[in-house]
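**Q** quick check, what structure comes out for this input:
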Amino acid sequence: MSSPTISPFSTPVYNKWLGIFANLPVGVPMSVTFQKYHLEHHRFQGVDGIDMDIPSHAETLVVKNVVTKSIWVMLQLFFYALRPLFIKPKPPGYWEFINFSIQIALDAAMVYFWGWRSFAYLILSTFVGGGMHPMAGHFISEHYVFKPEQETYSYYGPLNFLTWHVGYHNEHHDFPRIPGIKLQKVKDIAPEYYEGLESYESWSQVIYMYIMDRTVGPFSRMKRKVPATAKKSE
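**A** Numbers count the residues shown, from 1 in each chain. Model (predicted):
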């Protein structure tokens, strides 16, 4: 719901409010900031220093074996949150202030009425749900390269029905303005463009393959360069 490219409303401000509302159970204000970086992920996919979905050089040097990859998977959201702060920090804007204020107000209210354990539950649930959890497999399945000639992968398993069809990732990148719940129709209308591509039926299997396959890691991403003029315009 935080993605500005798959939100259901045609009016941007409505999508911002929806993203802030969907952000509340996460416990940490991130919706508006994520929207900024996610737009760049679509515009400059695979470009070091711009696409914050690309792991940092330090990650590729350290995360190389089963143990370090397991830790990396468990702390995926931690790396996603800190990576932009070190590589390409952006000054906060008006909507980030709103996102922050509403989120902190809810967190404070929870602590006041139900104690610190209620807030800790939200934070722990966020990291568990974004770590070694089947649904968190989509972070890996989308762009980590298991087949050398293919950059983006879709997932067509049953968990799509619980995640607004976020697994339809090739379709999402081809038509980023189509809401997630309608991405299945893209494949149904034009199956000849997607059925020949490598895809997944299990996010759990993707996590297992990522951890156990020595040839795969944070370095398993396709990268590209853009002209200096494009970076300036960005």
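**Q** and after the helix or strand harbouring Phe79, which helix or strand comes next?
**A** With secondary structure defined by DSSP states H and E, Phe79 is part of helix 76-87. Proceeding C-terminally, helix 76-87 gives way to helix 94-114 as the next helix or strand, assigned by DSSP H and E.
**Q** show me what counts as buried in that following helix.
**A** Neighbour-count burial for helix 94-114, counted by 16 or more other Cβ atoms under 10 Å, picks out Trp95, Glu96, Asn99, Phe100, Ile102, Gln103, Leu106, Asp107, Met110. C-betas here are computed from N, CA, C, even on glycine.
**Q** verify the stated contact: the second one with Val32.
**A** Right, Glu96. Yes. Judged on Cβ atoms under 8 Å, Glu96 makes contact with Val32 at a distance of 4.7 Å.
**Q** what's the nearest residue to the residue positioned nearest the centre of the chain if we skip its chain neighbours?
**A** In the chain, the C-alpha nearest the mean C-alpha coordinate belongs to Phe139, at 5.6 Å (Cα atoms, centre = their mean). Of all residues not flanking Phe139 in the chain, Gln76 sits nearest, at 5.5 Å (Cβ to Cβ, 6 or more residues apart in numbering).
**Q** how does the protein divide into domains?
**A** 1-132, 134-219 (automatic domain parsing).
**Q** which of these sits closest to Val226?
**A** Each of the domains of the chain has some distance to Val226 by Cβ to Cβ; the shortest is domain 1-132, at 5.4 Å.
**Q** average pLDDT for that closest one?
**A** Domain 1-132 shows an average pLDDT of 92 in the prediction.
**Q** and for stretch 180-187?
**A** Averaged over stretch 180-187, pLDDT sits at 94.
**Q** same question for stretch 166-175.
**A** Per-residue scores along stretch 166-175 average to 97.
**Q** what about Ile207, distance to Ala109?
**A** Here Ile207 is placed at a distance of 35 Å from Ala109 (Cβ to Cβ, to the nearest Å).
**Q** nope, Trp116 is what I was after
**A** Taking Cβ to Cβ as the measure, Trp116 falls 13 Å from Ala109.
**Q** now swap in Val186 and tell me
**A** Going from Val186 to Ala109 by Cβ to Cβ gives 41 Å.
**Q** now swap in Ser204 and tell me
**A** Ser204 sits at a distance of 36 Å from Ala109 (criterion: Cβ to Cβ).
**Q** could you do Thr163 as well?
**A** Relative to Ala109, Thr163 is positioned 28 Å away (criterion: Cβ to Cβ).
**Q** then Ile189?
**A** Between Ile189 and Ala109 the distance, using Cβ to Cβ, works out to 46 Å.
**Q** then Trp203?
**A** With distances defined as Cβ to Cβ, the gap from Trp203 to Ala109 amounts to 34 Å.
**Q** ok so, going back, and the residue nearest to the centre of the chain, what element?
**A** Applying DSSP H and E as the criterion places Phe139 in helix 137-141.
**Q** show me what that helix is packed up against.
**A** Contacting helix 137-141 under the criterion 3 or more Cβ pairs under 8 Å, 6 or more residues apart in numbering; DSSP states H and E are the following elements: strand 154-155, helix 203-212.
**Q** distance from the chain centre to the shortest one, please.
**A** Right, strand 154-155. Taking the mean of its C-alpha atoms, strand 154-155 sits 14 Å from the chain's own mean (Cα atoms, centre = their mean, to the nearest Å).
**Q** parallel or antiparallel, which strands does it pair with?
**A** Strands flanking strand 154-155 in the sheet, each with its direction: strand 199-200 (parallel) (DSSP bridges).
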